[in-house]
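Novice: Test case, fold it:
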Amino acid sequence: MKPNIVVIGSLNMDMVVQAPRLPAKGETILGQSVQFVPGGKGANQAIGLARLGAQVAMIGRVGEDLFGGELLSSLQAGGVDSAGVKKTASSDTGAAFIVLAQGDNSIIVVPGANAHCTPADIDAQMALIEKADIVLMQMEIPLETVTYAAKVAKRLQKTVILNPAPAQQLPPELLACVDAITPNETELSLLAEGQGSLEEQMDALLAQGVRKVIATLGSQGVAFKEEGKTLQRIAGYRVPVVDTTGAGDAFNAGFAYALGSGQSLGEAIAFANKVAAISVGRFGAQEGMPSLDEVVQFSESSY
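Specialist: As a prediction, the model looks like this:
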C-alpha cells in the first residue's frame, strides 16, 4: 500500500547559475548559464515522494505572482496534491539564488510567502493531516508553524519526521514531538550546541524526546541512533556528482517513503542513501529525483 505523507514546508523558485567555480569575496566572474527551476525544501521532498509512488499532499504558501503559479503547476504535474498550498497577496513567492560550480553549491534563500505559512494554515488543512501516515517538515517556514504542526500531528498519533534545515536552535516542545530528525553534521552540532562527540550530540537530542536521530555525513554515509540502542553507521555511495542541491531533500523523501512503507530504520536509511546517490548525478533538485524502479535497480557498480 502506498504511504500517505503530508509535507509541510517551503516552495521556492530557484535561480541556478552555472559557473566554473564559486567567486571569492568581492570578485566578479562570468557564469556559463542560468536557469529557473522549481525548488524549496518542502516542494522538493514532496516531488521526490510522489516520484517514488507515495500519496503526497503539501501544505505551504506561494505569492500571487507568476512564480507562484508555476510552482503550483509543477506540484500538480508531479502528482502532488496542492490544495493545501495557499496564495498570499502580501508577499512574493519565495526564491533561492544558487551558484553551482563543479557539483558544489552556494545558496541564498529569500523566504517570501513561505514566511506567511501560519498555524491557521495547519488548522485549515487538518483533514490532510488526519488521513496521513507521516508528516514531513523542514525549517524554511516559521518555527512557530513547525512546532504547532508537530504538536497537532503527535496528538493525532502520526509519525513526525523533521529535516532541521536551515539550521537553528529548536525548542524542547518541538523536539518532544519528533519521531525522527535528519540533520547533517553542521545542523547536528548546532542543535547540540557543539558539545561532545557525534554520538554525544545525538544523545543530547534523544534526551529531549526525539526517538530517532539520523545524521547525514556526506561521503561518510549516515550515522543513526535510537533511544536505548547503540550508534550504527551505513556507508554512502561513491558516484559521479553533477548537482548536490537536492541531495538532502532526496534523502528525506526516500527515508520518509521507506519508513512509511514499513521498512525498518536501517532499511529506510539504506534506501534513502540510494535515492540521494541517484539524485546527485542529475541537474535540478526536483528533476533529479528518481523513480522507485530506478532506486530498486540502483547499483554503485553501474556508475
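Novice: what are the phi and psi values for residue 18?
Specialist: Per-residue torsions, residue 18: phi -90, psi 130 (degrees, to the nearest 10).
Novice: Same check on residue 14?
Specialist: The phi and psi values for residue 14, taken as degrees, to the nearest 10, are phi -90, psi 130.
Novice: close enough to count as contact, it and residue 99?
Specialist: No. Between residue 14 and residue 99 there is no contact under Cβ atoms under 8 Å: 11.3 Å. (C-beta placed from N, C-alpha, C; glycine too.)
Novice: So the two - more neighbours on which side?
Specialist: Neighbour totals were compared for residue 14 and residue 99, and residue 14 leads with 24 against 19 (other Cβ atoms under 10 Å).
Novice: and the more buried one, bridged to which residues?
Specialist: residue 37, residue 96 (DSSP bridges).
Novice: How about residue 18?
Specialist: Under DSSP bridges, the beta-bridge partners of residue 18 are residue 33, residue 100.
Novice: Export the lowest-mean-pLDDT helix or strand in the chain to CSV, keeping only CA atoms.
Specialist: Here the helix or strand of the chain ranked lowest by mean pLDDT, DSSP states H and E is strand 104-110, holding a mean of 85. Provided in CSV are the C-alpha atoms of strand 104-110 (Å, rounded to 0.1, in the frame of the first residue of the first chain):
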residue,chain,number,x,y,z
ASP,A,104,29.2,22.2,-5.2
ASN,A,105,26.8,25.0,-4.5
SER,A,106,26.3,28.2,-2.6
ILE,A,107,22.7,29.3,-1.8
ILE,A,108,20.9,32.3,-0.6
VAL,A,109,17.2,31.9,0.2
VAL,A,110,14.6,34.7,0.4
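Novice: can you pull out the helices in the stretch 1-150 of the chain?
Specialist: 41-52, 66-77, 119-124, 126-131, 143-155 (DSSP state H, counting those that start in this stretch).
Novice: Figure out which of those is closest to residue 187.
Specialist: Smallest distance to residue 187 across those (Cβ to Cβ): 12.4 Å, for helix 41-52.
Novice: Which other helices and strands does that closest one contact?
Specialist: Packing contacts for helix 41-52, counted by 3 or more Cβ pairs under 8 Å, 6 or more residues apart in numbering; DSSP states H and E, involve strand 4-8, strand 55-63, helix 66-77, strand 134-137, helix 247-260, helix 265-279, helix 292-297.
Novice: Skipping its backbone neighbours, what lies nearest the residue nearest the centre of the chain in space?
Specialist: Nearest to the geometric centre of the chain sits residue 249, at 3.7 Å (Cα atoms, centre = their mean). The shortest distance from residue 249 to any non-neighbouring residue, by Cβ to Cβ, 6 or more residues apart in numbering, is to residue 44 (3.8 Å).
Novice: close enough to count as contact, that neighbour and residue 286?
Specialist: Yes. Under the criterion of Cβ under 8 Å, residue 44 makes contact with residue 286 at 5.6 Å.
Novice: now the least confident helix or strand of the chain and helix 247-260, what's the angle there?
Specialist: Strand 104-110 and helix 247-260 are oriented at 80 degrees to each other (axes from the mean of the first three to the mean of the last three Cα atoms, to 10 degrees).
Novice: Just checking: what are the partner strands of strand 104-110?
Specialist: strand 94-101 (antiparallel).
Novice: Go ahead and name everything in contact with stretch 194-203.
Specialist: 185, 188-189, 191-192, 204, 213, 215, 223, 225, 231 (Cβ atoms under 8 Å, 6 or more residues apart in numbering).
Novice: any idea which of those has the most stuff around it?
Specialist: residue 213 (27 neighbours).
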